[in-house]
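Peer 1: my questions concern the predicted model and sequence given below.
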2 protein chains.
Amino acid sequence: MLDWLRHYRRAALPGDIGAGIVVAMMLVPQGMAYALVAGLPPVAGLYASILPPLVYALFGSSMTQSVGPMAIVSLMTGAVIGPLAAGAPGLHSVLAAQLALVAGAVLLLCGLLRLGFLANFFSRPVMSGFTVGSSLVIAWGQVKPLLGGPLQHPHLPSAVLGCVSLALLLLARSHLARLLKRTGMPATAADVLSKLAPMVVVLAATAAVAAGVAGSGHGIRLTGPVPTGLPQLNLATSPSHWRELLQPGLLIGFVVFLMSMSAAQTLAQKRGEKLVSNRELVGLGAANVASMVSGAFPVTGSLSRSAVNFAAGANTPLASVISAVLLAMALVLPTGWLALLPLPTLAATIIVAVLGMLELDTLKTAWRYDRGDALAWLVTCIGVLALGVEAGVIVGVVLSMGTLIWRASRPHIAVLGRIPGTEHFRNVERYAATRSEAVLILRIDANLFFGNVEAVNERIEDELRDHPATRDLVLTMLAVSSIDTTALFALSELNASLRARGIGLHLAEVKGPVMDRLRDSTLLDQLNGKLFLSTAMASDYLNTDNKDHP
Amino acid sequence: MLDWLRHYRRAALPGDIGAGIVVAMMLVPQGMAYALVAGLPPVAGLYASILPPLVYALFGSSMTQSVGPMAIVSLMTGAVIGPLAAGAPGLHSVLAAQLALVAGAVLLLCGLLRLGFLANFFSRPVMSGFTVGSSLVIAWGQVKPLLGGPLQHPHLPSAVLGCVSLALLLLARSHLARLLKRTGMPATAADVLSKLAPMVVVLAATAAVAAGVAGSGHGIRLTGPVPTGLPQLNLATSPSHWRELLQPGLLIGFVVFLMSMSAAQTLAQKRGEKLVSNRELVGLGAANVASMVSGAFPVTGSLSRSAVNFAAGANTPLASVISAVLLAMALVLPTGWLALLPLPTLAATIIVAVLGMLELDTLKTAWRYDRGDALAWLVTCIGVLALGVEAGVIVGVVLSMGTLIWRASRPHIAVLGRIPGTEHFRNVERYAATRSEAVLILRIDANLFFGNVEAVNERIEDELRDHPATRDLVLTMLAVSSIDTTALFALSELNASLRARGIGLHLAEVKGPVMDRLRDSTLLDQLNGKLFLSTAMASDYLNTDNKDHP
């Protein structure tokens, strides 16, 4: 904990300060916008950007992760609390904070149980399909605020402001960095500065609104008064809703972890930094608990913001600490101007932000490389669009798990024969190897465990049917590094079955650690055959006539 | 389909007839008892024993499986429909039939999608813990009917009848087979006949009740009138409950498949018969649809009954056809006597039946052999007892999936060195192999896919940190049979990261099929290094000074 602070090098400071300022300026419009996506007052997004990143800096292991509001997690939050708080406006904030607590508790628990290996639960195609589907849902949800009304009946001043903001942001996205570079600015600085376009556009729109019509006579919806001061300790809860929040909180915790890890892994690899998944669980869990305490909503690491943090020169979590402090100062200063932020412009910033998540590279690559993976992408994306973001996560889980089990259930097994004149035994399908009728030698190229034990069994029975003259079966176990309890039972049952059929079962080349474990079982005592150090020794012994057959 | 009938050998007939008669006699008390466990009228259990096994005989692949009512599936059925039908007595049967349809449709769909590989979703310890926990729940649920009232206030005549029945059944279980053998009966026949004890005890109790007091003056609850005749086509449904039945139907379909497969696999192996998991899905799915049509409830293959079928000499599904026909005949004959079956005796048969499922061997073996597996057993069992049978299935799924991912996330990777004076490269930790400072050679002993890609990445980064003088990294891919899209992206990102750090990335001993797939990607074109046929060639080339470094 705080290793980065103990070994802080002064050389890292300028980068951290610069990145801290840039990220703080990104966070003002982003935080307010993502709070709106979650159906919450905009100030909640600022609260979510102060305490959570500070707490993450204490516990997390990533040097450049920017923890705070994130579009997809906000979408999920809104989808959960919307129906529950329907008709009770004050309830949204309470439920969102409770949801952050549930998600945080789940993450902390997983961290304590050292379940960090779950980080790679989703394959990349599933993750990408989920992200793209969610982005489309978010963008579609912003059309109404962008136009100040439904697509068929836009509110003209709002629609003009929204579309102009959108056009400016899209132009900035595609051209600003290039223009800045042409002025002689270094490439990295230009890229980073171009990310501040949303802040600039929001400020300009606010100024325009404030200058144009005094009051709100123009009818454009504004964010409304933002309370001055830091978030108050918030522990209000709604006892009746804990049960309903449990499953969504679990799902959100899961998505928080997956999203954050995929962002952090990408950046850690670029600098060869070490990421500890169990510490990430604790860091994200604590950050979400902190978000609850701030009266905010579930937070996670955001890839787009973390990438800016990284590019702006962040070397350590001090960058996040600096941006949190800056945001806190902004809330202590007069916040009157924040009340005049026009919602259509905020909607435009959201739409442009999620456009950045609409990457189709993964789908394209998968389509060329592995149609099954491309199908998983499509199913997940369509799942999100058709069934909603929560069901989309479940579709992703089911697909990933199905793939895992399917892979596990296809172990490689080879029938071995002797390369004539040598001690070598090879797959008879690939080599000119010869085998005897009476001795069937199978090499099992996978660890034996519950997921593949039946496939191994079926293959053995198939081979025995194809080789009806078999008198002895030898399993060559060189590639088997572990045998779980299920596989142990299966081997015992195979042994009993072969004994009843008058066929010997022999094991060859059993690895040391596997043998040590097998000695704790009764399999070796009951083995209807022998143990051999090598396949060649097994073959030589079993093919001589004077052996004592079991 | 019906292969067994086309190739029917006359020699199989006596065994099939005998087994058919024995199983029919088991099914009368068992079917009625398991219908009671599901909270349904006893006759539903008889209905569930006629059409479903007939349909299974058409589509299934097991020769000896006895499909019909089964204790745990009945328990789950009761747990689902109980709360939904609370207060509406007629609704139980409708919901149970609907549940059978949902489970059947799920199974059929899985069969069409060829998801038979899911058969080994549960490890044996999880399956055993689930079975034991469910058995305890079922036994506890029968205490009240056994005593004719709650434990504190038993109804004396009922309690006497129930306890006497229980004692007789327990005695029969432990001694009857032995006694019969002493009379000179062959061992198998004695074992099979002893399984008819429940039928005999039920008949005796019925006779005693009928003779003892005319009418029901003794106050012992009886099964009540059983309608004569075959089940009517039943398509009544409750439209409002489909949604609530979807998830439980899915879980029950899943358990139906797992239970049936574990029974069928055990028996198929004993005779070296082939079981086709996708056909089992279709057979069980069709059987459950047939159960819905009969107005019954979800059915599955029962290990205990199938084992009796097997031991009684069943050679083909004709045995099940015969027992179904016998049960149908029993329902066409006057069924007045069935009305007099005393419930305490049926409760006793249930308790004794589930005692047979209380096996602790798996736990004991796992405890000695693999504490992690023993823990999975305990967690699942306690999950069922504490949270209920439905939540228990989910606990089992989560445990199994967690184990799968955990296993997948620990690929074996070895740092290789040259055995001096040879062309052989071996793990430097196990062999006296030497390596050069500048060339790091890693052998990856697992297929690369989303579940292990991050672990591989972390290991590579760890090794690069441990060997800071590395100028070239060679990945020896002999054991890699497949690379999925996620791993492809990870390799591309590793390649880009190493290029930026001035380290070459080389691949050695890539298998033919893997190379063919990689050619469909851009990885090879962008590779920051070379491809080598062998590790030795890579080492020789990279350790010469005059090579052109990438």
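Peer 2: Noted; the coordinates are in hand.
Peer 1: quick check, central residue of chain A?
Peer 2: Centroid check for chain A by CA atoms, centre = their mean gives A:L258 as the closest residue, at 1.9 Å.
Peer 1: that one and A:T300, how far apart?
Peer 2: Noted for A:L258: a distance of 9 Å to A:T300, by CB to CB, to the nearest Å. The way it works is simple: take the backbone N, C-alpha and C, and place the C-beta from them, glycine included.
Peer 1: how about A:S135?
Peer 2: Separation of A:S135 from A:T300 (CB to CB) stands at 15 Å.
Peer 1: wait, the residue nearest to the centre of chain A sits on A:F121?
Peer 2: Yes. Because the distance of 6.5 Å satisfies CB atoms under 8 Å, A:L258 is recorded as touching A:F121.
Peer 1: could you find the closest non-adjacent residue to the residue nearest to the centre of chain A?
Peer 2: Spatially, and ignoring its direct neighbours in sequence, A:L258 is nearest to A:F122 (5.6 Å; CB to CB, 6 or more residues apart in numbering or on different chains).
Peer 1: looking at the stretch 201-350 of chain A, which residue is nearest chain B?
Peer 2: Residue nearest to chain B within the stretch 201-350 of chain A (CB to the nearest CB): A:Q269, separated by 5.2 Å.
Peer 1: phi, psi for that residue please.
Peer 2: phi -60, psi -30 (degrees, to the nearest 10).
Peer 1: before we move on, what about A:A286?
Peer 2: Per-residue torsions, A:A286: phi -60, psi -40 (degrees, to the nearest 10).
Peer 1: residues in contact with it?
Peer 2: Residues near A:A286 by CB atoms under 8 Å, 6 or more residues apart in numbering or on different chains: A:V55, A:Y56, A:L58, A:F59, A:G104, A:L108.
Peer 1: and A:D373, by the same measure?
Peer 2: Contacts of A:D373 by CB under 8 Å, 6+ apart are A:S123, A:P125, A:A366, B:D484, B:T485, B:T486.
Peer 1: quick one: low-confidence residue ranges for the stretch 401-550 of chain A.
Peer 2: By pLDDT under 70, the low-scoring segments of the stretch 401-550 of chain A are A:545-550.
Peer 1: what ranges do the strands span in it?
Peer 2: Counting by DSSP state E, counting those that start in this stretch, the stretch 401-550 of chain A has strands at residues A:413-418, A:425-427, A:439-444, A:472-476, A:504-508, A:531-532.
Peer 1: other SSEs contacting the third one?
Peer 2: When you say that, I think you mean strand A:439-444. Counting contacts by 3 or more CB pairs under 8 Å, 6 or more residues apart in numbering or on different chains; DSSP states H and E, strand A:439-444 is packed against strand A:413-418, strand A:425-427, helix A:453-466, strand A:472-476, helix A:535-542.
Peer 1: try 6 Å this time
Peer 2: Helices and strands touching strand A:439-444, as assessed by 3 or more CB pairs under 6 Å, 6 or more residues apart in numbering or on different chains; DSSP states H and E, comprise strand A:413-418, strand A:472-476.
Peer 1: please apply the same query to the fifth one.
Peer 2: For strand A:504-508, the helices and strands in contact under the criterion 3+ CB pairs under 6 Å, 6+ apart are strand A:472-476, helix A:535-542.
Peer 1: quick one: strands adjacent to that strand?
Peer 2: strand A:472-476 (parallel), strand A:531-532 (parallel) (DSSP bridges).
Peer 1: now do it against strand A:413-418, angle only.
Peer 2: Angle, strand A:504-508 to strand A:413-418, by axes from the mean of the first three to the mean of the last three CA atoms, to 10 degrees: 90 degrees.
Peer 1: dump strand A:504-508 to PDB, restricted to CA.
Peer 2: The C-alpha trace of strand A:504-508 is given here as PDB (Å, rounded to 0.1, in the frame of the first residue of the first chain):
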ATOM      1  CA  GLY A 504      -5.400 -54.700 -18.000                       C
ATOM      2  CA  LEU A 505      -5.100 -50.900 -17.100                       C
ATOM      3  CA  HIS A 506      -1.500 -49.600 -17.000                       C
ATOM      4  CA  LEU A 507      -0.100 -46.200 -16.300                       C
ATOM      5  CA  ALA A 508       3.100 -45.000 -17.900                       C
END
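Peer 1: roughly how far is it from the heart of the chain?
Peer 2: 44 Å (CA atoms, centre = their mean, to the nearest Å).
Peer 1: okay, the helices and strands packed on strand A:439-444, which one's buried deepest?
Peer 2: strand A:472-476 (a mean of 25; mean count of other CB atoms under 10 Å in any protein chain shown).
Peer 1: count of neighbours near the residue of the stretch 201-350 of chain A closest to chain B?
Peer 2: Per other CB atoms under 10 Å in any protein chain shown, the neighbour tally for A:Q269 reads 21.
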